[in-house]
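Chemist: here's a sequence, model it:
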Amino acid sequence: MRKVTAMNNKKLLFGFGAAMAVIIASTTGCSKATAQAAPTPESHPVELTIYTGGFAMVSEHRPVHLTAGRNKVVLDGISKMLDASSILVDWPKGTAHPEVIGTTYDLDKSDGNSLIHRLNGKQVELMWPSTNGTQGETVSGRLETSGTDGTFALRTPERLYINPTGTLIAPSDTPSGLPVLSVQVNSVTEANTQMGVSYLSGGMNWKADYVAKISPNSETADLECWASIDNKTGTSYPDAHITLVAGQPNAQVESGRDSTLTVTGGVQLNHSTVVGGSTSNGSVALRNAPRMELGDMYAYKISSLASVSNDQTNRVSVLGTRTVPINRSYSISVPEPSELAEGTKDGTNGPRLSAESSIAFMNVASSNLGIPLPGGQVRVYERDASGAEQFVGSDGLTDTTKGSHVRLNLATAFDVFGSAKVVSKTSLPRHHWQYVVEASVSNERKVNAPVLLSQPMGGVRKLISESTKGESLSASMHQWRLVMKPGETRKITYTLEM
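Modeler: Here you go, the predicted model:
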């Protein structure tokens, strides 16, 4: 079988590991090519604005040398999921802007057959195999191929080699199988400048992950927010400036050649709104991922540079650590009377009702918050007697506005529980019924336990009486707030008409 490889010598100038810019300049065509060294992160900053809908906006500036006339700027290190219809090009302010004539996004399969097909009709060299460990002899000619299956011939002035065995050596300006973005530019004068390129890309997503650490019997929690970023773009972005957007704009992102990503939300995406991770009015970054309004969405700018590697989940801190006052409680929901057991008038309780342990806090400035919180999973840890952190439960958090009340249900409690039974059931006219319900709450913990006992009111015409005063949270829910002492059992009797 024929072996086709790329030689790492003077004739090859592809930077597969680092982003680089290649300039091909000519007034009559693209005949002369020069290459710049890969710029450093300081001179080549990449801005990633990542949306929760599975796409991102990539913005970067690269140093380029333009000659007077027509230039072709070739950029590698580009996303394989780039939307070619979203490309934006800009130049530094206060300078005469070169004219952008057009852009070409070249994404091909990175295999040998594809590379051979690209060389069809070009002058190449073929190195014959060697058996003594030295470099084999080479022959120059024009490569000819009739298809994409990898078969080819090499035509020299003297011979035609059909399906030769050896190593092809290609010119350095041969496009590789990596994604390449070419920008055709017409410049009035020769200049060293910075070219800004922005584009939408699929293959990138982020989600918020919260960590809450609490101590036994403590009334505060240390709350952290992390962003988990998944990168499937085929490209790594070292030391990037990252902005995370909570909310979903209306957008249709053409990802590469074969797939389309459609995101439906309430906001129309404006490509020029976010450039370089800041709002169009030049908002200044603050500590701990400052929130910036982005239309009807919120953007969180990560203060420190962070690397987003390909095919990896990368985590960055969004909030830092904030000490938040919390309220601990237990919630017990009593089923509708028609679902409770009847005829238990002998003093026995009904079936056991589990209590859900929870923590709650207010998203206000006085609680060291008062900021829009992106939706995500909240995992809660509590220190045990030895001081080790132990996982005690988790709950989902939806996008939360300032001033909102947040309750997180963590686990089913063991030592706090309830029961309920129907004491009596009386038939009323017009197919109505009157139920007398007795609910019992027990606390077998060694400390006080705040308990929220709730009775769904769906189908209930009215609450006639109650032994302990409760409150109506809504037309469909009535609740009693109890503070249970250690070892205490308390009963509440109430009458419902249904």
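
Chemist: just the strands in the stretch 51-200 of the chain please.
Modeler: Secondary structure of the stretch 51-200 of the chain (DSSP state E, counting those that start in this stretch): strands at 55-66, 69-75, 88-90, 99-106, 123-127, 138-144, 153-155, 160-162, 167-169, 180-187, 191-202.

Chemist: now the fourth one - C-alpha only, CSV.
Modeler: Backbone C-alpha positions of strand 99-106 (Å, rounded to 0.1, in the frame of the first residue of the first chain) are rendered in CSV as follows:
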residue,chain,number,x,y,z
GLU,A,99,-10.9,47.0,1.6
VAL,A,100,-12.1,43.5,2.3
ILE,A,101,-12.9,41.9,-1.0
GLY,A,102,-14.1,38.5,0.2
THR,A,103,-13.5,35.6,2.6
THR,A,104,-13.1,31.9,2.0
TYR,A,105,-13.5,29.2,4.7
ASP,A,106,-11.8,26.0,3.7
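
Chemist: ok, S307 - contacts?
Modeler: Shown in contact with S307 (CB atoms under 8 Å, 6 or more residues apart in numbering): 236-240, 314. Backbone N, C-alpha and C define where each C-beta goes, glycine included.

Chemist: just Y199 next, same as before
Modeler: By CB under 8 Å, 6+ apart, Y199 lies in contact with 57-58, 79, 82-84, 86-88, 181.

Chemist: what about the longest strand in the protein?
Modeler: strand 405-428 (DSSP state E).

Chemist: following it, which helix or strand shows up next?
Modeler: Sequence order places strand 432-443 as the next helix or strand after strand 405-428, per DSSP states H and E.

Chemist: show me the domain layout of the chain.
Modeler: 21-46+54-200, 327-360+410-497 (automatic domain parsing).

Chemist: where does pLDDT dip in the stretch 1-150 of the chain?
Modeler: By pLDDT under 70, the low-scoring segments of the stretch 1-150 of the chain are 1-45, 95, 107-114, 146-148.

Chemist: excluding sequence neighbours, find me the nearest residue to D415.
Modeler: E444 (4.1 Å; CB to CB, 6 or more residues apart in numbering).

Chemist: surely the one you found meets V416?
Modeler: Yes: the pair E444 and V416 qualifies as a contact (CB atoms under 8 Å) at a distance of 7.3 Å.

Chemist: which of these two has more neighbours?
Modeler: Using other CB atoms under 10 Å as the criterion, E444 and V416 rank with V416 on top: 23 against 15.

Chemist: among the contacts of S307, name the ones in strands.
Modeler: Judged by DSSP E, the contacts of S307 include 237-240, 314 as members of strands.

Chemist: between the contacts of Y199, which is nearest S304?
Modeler: Here the nearest of those to S304, counting by CB to CB, is V58; it sits at 18.9 Å.

Chemist: what's near enough to touch the closest one?
Modeler: Applying CB under 8 Å, 6+ apart, we find V58 in contact with 46-48, 79, 82, 198-201, 237.

Chemist: separation between the nearest residue to Y51 once chain neighbours are set aside and T400?
Modeler: Leaving aside its sequence neighbours, Y51 sits nearest to V245 (CB to CB, 6+ apart; 4.8 Å). To T400, V245 is 16 Å away according to CB to CB, to the nearest Å.

Chemist: and the two? which has more neighbours close in?
Modeler: V245 (26 against 17).

Chemist: now that one, which residues is it bridged with?
Modeler: Under the criterion DSSP bridges, V245 forms beta bridges with Y51, A299.

Chemist: list the contacts of it.
Modeler: Taking CB under 8 Å, 6+ apart, one finds 49-52, 274, 294, 297-300 in contact with V245.

Chemist: for it, give me the pLDDT.
Modeler: Here, the pLDDT recorded for V245 equals 89.

Chemist: give me the number of residues near the nearest residue to W128 once chain neighbours are set aside?
Modeler: In space, and not counting its chain neighbours, W128 is closest to G136: 4.2 Å by CB to CB, 6+ apart. Around G136 there are 14 other residues, counting by other CB under 10 Å.

Chemist: on the three-state scheme, the closest residue to V392 other than its chain neighbours is what?
Modeler: Distances taken as CB to CB, 6+ apart place E382 nearest to V392, at 4.7 Å, with adjacent residues excluded. Recorded secondary structure, E382: strand (DSSP: H, G, I helix; E, B strand; the rest coil).

Chemist: so E382 makes contact with L410?
Modeler: No: E382 is beyond contact range of L410, at 9.4 Å (criterion: CB under 8 Å).

Chemist: of the ones in strands among the contacts of S307 - the most surrounded one?
Modeler: Highest neighbour count within those: Y237, with 27 neighbours (other CB under 10 Å).

Chemist: against L244, how distant is the closest residue to G247 other than its chain neighbours?
Modeler: Leaving aside its sequence neighbours, G247 sits nearest to M297 (CB to CB, 6+ apart; 3.1 Å). Using CB to CB, M297 is found at 10 Å from L244.

Chemist: more crowded one of the two?
Modeler: Legend: neighbour count by other CB under 10 Å for M297 and L244, higher for L244 (25 against 22).

Chemist: was I right about that one contacting V318?
Modeler: Yes: using CB under 8 Å, L244 is in contact with V318, at 6.9 Å.

Chemist: common neighbours of those two, please.
Modeler: The contact lists of L244 and V318 share 227, 289, 300, 302, 374, where a contact means CB under 8 Å, 6+ apart.

Chemist: three-state assignment of N310?
Modeler: Assignment for N310 (three-state DSSP): coil.

Chemist: tell me who's in contact with it.
Modeler: 231-236.

Chemist: save those as a markdown table, and put in pLDDT, neighbour count and distance to A475 too.
Modeler: Output for these, formatted as a markdown table (pLDDT from 0 to 100; neighbours: other CB atoms under 10 Å; distance: CB to CB, whole Å):
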| residue | pLDDT | neighbour count | distance to A475 |
| --- | --- | --- | --- |
| N231 | 94 | 25 | 48 |
| K232 | 92 | 18 | 47 |
| T233 | 90 | 26 | 50 |
| G234 | 88 | 19 | 54 |
| T235 | 89 | 24 | 54 |
| S236 | 90 | 18 | 55 |
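
Chemist: taking those residues, tell me the two that lie furthest apart.
Modeler: Using CB to CB, the two most remote members of these are K232 and S236, lying 11.5 Å apart.

Chemist: report the buried members of the contacts of V58.
Modeler: Neighbour counting by 16 or more other CB atoms under 10 Å classes 46-48, 79, 82, 198-201, 237 among the contacts of V58 as buried.

Chemist: nearest to G94, of these?
Modeler: Of the buried ones among the contacts of V58, the one sitting nearest to G94 (CB to CB) turns out to be S198, at 19.7 Å.
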